[in-house]
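K.L.:
return atomic coordinates for the entry below.
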Amino acid sequence: SLVGEPVAYPKIHGFLSALHRRRISSFLVTNGQFPAALKALPRTTQLYLSCDAAEPEKLREVGRPLFKDFWERYLESMDILRDRSERTVCRLTLLRGENMSSPTAWARLLQRPRPDFIEVKGVTMAGLFRKNGLGTMNMPTHMEVREFASAVVKELPGYSLACEHEHSNSVLIASDRFRGSHGWRTWIDFEGFADSWDSAAVTALDYTAATPSWALLGSEALGFAPGEVRQRRARSRPIWSEEKEQWRAADAKS
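P.N.:
Predicted coordinates:
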């Protein structure tokens, strides 16, 4: 999704079918600028809409869209996402000092697509961002991401904070439809999807799986799977914004 738009690929229909016939799952990310192609898209295992801003001018600044009617395309894509039957996700990539100032505006906008999940993730720096004048100080800390997600949820009825992954600096907001009497079911039953992908009746709730305790928000593991070995940096990435400010001061002196 960083270098192109998959829904614009002319053979995307056949490609998705080829994957699913082989029992291979599909995760597709769209930037919301090709609503007609999105509407015609066959079912995916999980469909993402990249959401870079909650207001038109900020989207123009951050997303640098190609089309003059970019905002209308963005909103139409959200309407299409709302009517899709597979798992849908709005992915918010947060830039400190750029698109985090108004959780209220985000909550208002997200009422439109009503996705199954909202993935709130701090930006990861790349060469592309440096060319646009952005740097590591635009990378929010995990607690800033967490606090932002909490502020959005407070104004978004029907959604709750579900999971977090500190290592990737992300928090998952989920529709309450995915929380049952035995807890959250935010994971995917891949075998269930492989068995039913070509059925018109299947919905996102038909191929869920229980969320493991270590992935839940507030877990001591902070989303890191217990069977994996974590590699620690010599200088750990700051979790709190105060730590990041100390980093900045130290770098300025060096």
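K.L.:
would you map the strands across this structure?
P.N.:
27-30, 46-51, 87-94, 117-122, 159-165, 170-175, 179-180, 183-184, 187-188, 208-209 (DSSP state E).
K.L.:
mean pLDDT lowest for which of those strands?
P.N.:
With a mean of 94, strand 179-180 has the lowest mean pLDDT of those.
K.L.:
which other helices and strands contact it?
P.N.:
Packed against strand 179-180, as judged by 3 or more C-beta pairs under 8 Å, 6 or more residues apart in numbering; DSSP states H and E, are no other helices or strands. Every residue, glycine included, has its C-beta placed from N, CA and C.
K.L.:
from A149, how far out is W106?
P.N.:
10 Å (C-beta to C-beta, to the nearest Å).
K.L.:
ok, for the residue nearest the centre of the chain, nearest residue in space, not its chain neighbours?
P.N.:
Closest to where the C-alpha atoms of the chain average out (C-alpha atoms, centre = their mean) is R91, at 2.5 Å. Once flanking residues are discounted, R91 sits nearest to E119: 4.6 Å by C-beta to C-beta, 6 or more residues apart in numbering.
K.L.:
and the one you found, what does it touch?
P.N.:
Shown in contact with E119 (C-beta atoms under 8 Å, 6 or more residues apart in numbering): 48, 89-92, 170-173.
K.L.:
give me that answer again for 10 Å
P.N.:
48, 50-51, 89-93, 149, 163, 165, 168, 170-174 (C-beta atoms under 10 Å, 6 or more residues apart in numbering).
K.L.:
repeat that for C51.
P.N.:
31-32, 59, 63, 74, 77-78, 89-93, 99, 106, 109-110, 113, 115, 118-120.
K.L.:
try it again at 8 Å.
P.N.:
Taking C-beta under 8 Å, 6+ apart, one finds 32, 90-93, 109-110 in contact with C51.
K.L.:
try F178
P.N.:
Per C-beta under 8 Å, 6+ apart, neighbours of F178: 116-117, 162, 184-186, 205, 208.
K.L.:
among the residues you listed, the buried ones, what's the ChimeraX command?
P.N.:
Selecting only the buried entries of these in ChimeraX, with 16 or more other C-beta atoms under 10 Å as the criterion:
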select :116,117,162,184,185,186,208
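K.L.:
identify the farthest-apart pair in the contacts of F178.
P.N.:
A162 and L205 (14.9 Å; C-beta to C-beta).
K.L.:
shaky segments in the stretch 51-200 of the chain?
P.N.:
126-133 (pLDDT under 70).
K.L.:
redo that, cut-off 50
P.N.:
Regions of the stretch 51-200 of the chain meeting the criterion pLDDT under 50 are absent.
K.L.:
all helices of it, in order?
P.N.:
Using DSSP state H, counting those that start in this stretch, the helices of the stretch 51-200 of the chain run over 56-63, 70-83, 103-110, 127-131, 142-154, 190-196.
K.L.:
turn those helices into TSV, including mean neighbour count and distance to R232.
P.N.:
As requested, the helices of the stretch 51-200 of the chain are exported to TSV (neighbours: other C-beta atoms under 10 Å; distance: least, C-beta to C-beta, whole Å):
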stretch	mean neighbour count	distance to R232
helix 56-63	15	32
helix 70-83	18	38
helix 103-110	19	32
helix 127-131	10	25
helix 142-154	20	15
helix 190-196	16	31
